[in-house]
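Undergrad: sequence plus predicted model, see below.
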Amino acid sequence: MTIDFDHVAVTGVSRHFGRRRALSQISFRAARGTILGLLGPNGAGKSTMLALLATLMRPSEGEIRYGGHAARTAGASLRGAIGILGHDLFLYPELTARENLTFFAGLHGVPSAGDAAAAALRQSGLAERADDPVSSFSRGMRQRVALERALIHHPRLVLLDEPFTGLDDSSAAALVGRLKGLRAEGAIVVLATHDLDLAEGLIDSALFLRDGRMVEAVDRPDGLRATYRAVMTRRAEA
Amino acid sequence: MFARTAWLVLRKDLTVEVRSLEIAYTTLFFAVACVLVFAFALVKEGKAPEDGAAGILWIAIAFAGTLALGRTFERERQSETLRALLMAPADRPAIYVGKLLGIVALLCGTEIVLVPLVAFLFQAPLFRHPFWLAVVLVCGTVGFATVGTLFSAMLVRARSRDVLLPVLLYPITVPVIIAGVRATATLLEPDAELALVRFWVALLLALDVVFLTLALWTFEPLMTD
């Protein structure tokens, strides 16, 4: 059985890889029905933070709580409430889009996995290519299948790592619409991105990361590009 | 849910393999090449050495199996699909069992080609006790693949995994290979002592149970982080 929760609380989380510190003392809270943006340059620790939230890694220090549940005790039932779209797309290139989605729907115990896959393919606008192998798709089309793969089990927590990569303008606009829809449905969306223009007006709060440290947290960010530049410049000078 | 997850992973692995035939072709080619090299080296004037067939059959299975084991989790690493598998709200050992069954199926397919080839090239009466030969091969393959699948998963992020896999795998699976060779050699004797074959099969089954229990117990912690 999948557990439910209305917020994710990250408290004093650090993550080391050997002697290298990828994240240091990160704390934030994300509530349902909001989109949190993780912003920062390459190597800032955004993907590591997403992997920690996805329970694919354990924090070296600190704690992540999903409502009243800790990852260590909730285990499999918690994983069922999380959907992740990573930098790599987590798709089998030899399988068709339908087979990929049916497989992952089945793994997540979605009832009528085939019907769920068909609905997801219609949602992504790829119903006509449903039975083509994913290896024959463009990067943007794969990205759309991968997004449906991440969302096929209707997760409470949606983790997206650079989801706009490879998307043309219309696909990116469709994705923005989809993320707003998820927010309206009460999902907790955590979005790591470099694309400040698309993030602008989409995210409800922003967390600025640099060198694994949290340099600023802003609610209702306005003028995101200017804020980003100011925060990063200030940090560099400091 | 456990059986369903294992079945889904097995079916997915077999579908991917049927489409690409990557592991099947390389494993089969390597196993056949291995047997042919031994045949050219050991068969003199049409006469094969006595008791050689059992050892050569198991060497080919072990070498080809190592090749297949190396690829099974490599495929999951290339598209990072391993992460998606690990995110499923299912018992992680079920993923291991699905992968294991896929490898066992592939190796059994290879053995279907290898056994007649070895029987022909080494004039070995391998089909004198077909039931017992099948039991020995399946039990030995399961034992070898049980350890190999776990090590393959464990090494998926290691840089030198191709070198480390055989280094770790062969010392631990030596008892399985010895039991498999001795059981097969016994079956090749003119008056095969089936009581002795049963002893080796019992030993193989015991090793299978021990290895499988340890693998199911350790897979989840090995895959976290």
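TA: Right, received. Where do you want to start?

Undergrad: tally of neighbours for the residue in chain B positioned nearest to chain A?
TA: Relative to chain A, the nearest point of chain B is B:Pro89 (3.1 Å; C-beta to the nearest C-beta). All C-beta spots, glycine's among them, are computed from the backbone N, C-alpha and C. Residues lying near B:Pro89 (other C-beta atoms under 10 Å in any protein chain shown) number 21.

Undergrad: ok, A:Asn42 next?
TA: Neighbours of A:Asn42 under the rule other C-beta under 10 Å: 7.

Undergrad: the residue of chain B closest to chain A contacts A:Arg79, correct?
TA: Yes. Between B:Pro89 and A:Arg79 there is a contact at 4.7 Å, judged by C-beta atoms under 8 Å.

Undergrad: and the residue nearest to A:Arg149 when sequence neighbours are not counted, what helix or strand is that in?
TA: With C-beta to C-beta, 6 or more residues apart in numbering or on different chains as the criterion, A:Arg149 has its nearest non-adjacent residue at 5.0 Å, and that residue is A:Phe104. Using DSSP states H and E, A:Phe104 sits in helix A:97-107.

Undergrad: contacts for that helix next, please.
TA: If you take C-beta atoms under 8 Å, 6 or more residues apart in numbering or on different chains as the criterion, helix A:97-107 is touched by A:91-92, A:95, A:113-114, A:116-118, A:120-121, A:126, A:129-132, A:134, A:137, A:145, A:148-149, A:152-153, B:4-5, B:8, B:12, B:15, B:84-85, B:88, B:90.

Undergrad: swap in stretch B:34-50?
TA: Contact with stretch B:34-50 is made by B:52, B:56-57, B:59-60, B:63-64, B:114, B:117-118, B:121-124, as judged by C-beta under 8 Å, 6+ apart.

Undergrad: counting neighbours, which of those residues comes out on top?
TA: B:Leu57 (30 neighbours).

Undergrad: list the contacts for residue 68?
TA: In the absence of a named chain, chain A is used. A:Gly68 makes contact with A:Phe5, according to C-beta under 8 Å, 6+ apart.

Undergrad: chain B is the one I meant
TA: Counting by C-beta under 8 Å, 6+ apart, B:Ala68 has contacts B:Ile23, B:Thr26, B:Thr27, B:Ile103, B:Leu106, B:Leu107, B:Thr110.

Undergrad: tell me the confidence at it?
TA: If you check B:Ala68, the pLDDT there is 92.

Undergrad: dump the residue contacts of B:Leu207.
TA: B:Gly143, B:Pro175, B:Val176, B:Ala179.

Undergrad: make it 10 Å
TA: With contacts defined as C-beta atoms under 10 Å, 6 or more residues apart in numbering or on different chains, the neighbours of B:Leu207 are B:Cys139, B:Gly140, B:Val142, B:Gly143, B:Phe144, B:Thr146, B:Val147, B:Ile172, B:Thr173, B:Pro175, B:Val176, B:Ala179.

Undergrad: so the fifth one lies in a strand, does it not?
TA: The one in question is B:Phe144. No. Assignment of B:Phe144 by DSSP: H, G, I helix; E, B strand; the rest coil gives helix, placing it outside any strand.

Undergrad: pretty sure it contacts B:Ile178?
TA: No. Using C-beta atoms under 10 Å, B:Phe144 is not in contact with B:Ile178, being 11.7 Å away.

Undergrad: those two: which has the busier surroundings?
TA: Taking other C-beta under 10 Å, B:Phe144 and B:Ile178 do not tie; B:Phe144 has more neighbours (30 against 14).

Undergrad: near B:Val35, how many other residues are there?
TA: 23.

Undergrad: ok, and the closest non-adjacent residue to it?
TA: Nearest residue to B:Val35, sequence neighbours excluded (C-beta to C-beta, 6+ apart): B:Ala60, at 5.2 Å.

Undergrad: the host helix or strand of the one you found: which residues count as buried?
TA: Element membership for B:Ala60 (DSSP H and E) is helix B:52-78. The neighbour-count check on helix B:52-78 (16 or more other C-beta atoms under 10 Å in any protein chain shown) flags B:52-73, B:75-76 as buried.

Undergrad: can you check stretch A:216-230 too?
TA: Result for stretch A:216-230 [16+ other C-beta under 10 Å]: buried residues A:Glu216, A:Val218, A:Pro221, A:Leu224, A:Thr227, A:Tyr228.

Undergrad: out of those residues, name the ones that lie in helices.
TA: Among the buried residues of stretch A:216-230, the subset assigned to helices under DSSP state H consists of A:Leu224, A:Thr227, A:Tyr228.

Undergrad: out of the residues you listed, which one sits closest to chain B?
TA: Distances from chain B to those, taken by C-beta to the nearest C-beta, are shortest for A:Tyr228, at 28.1 Å.
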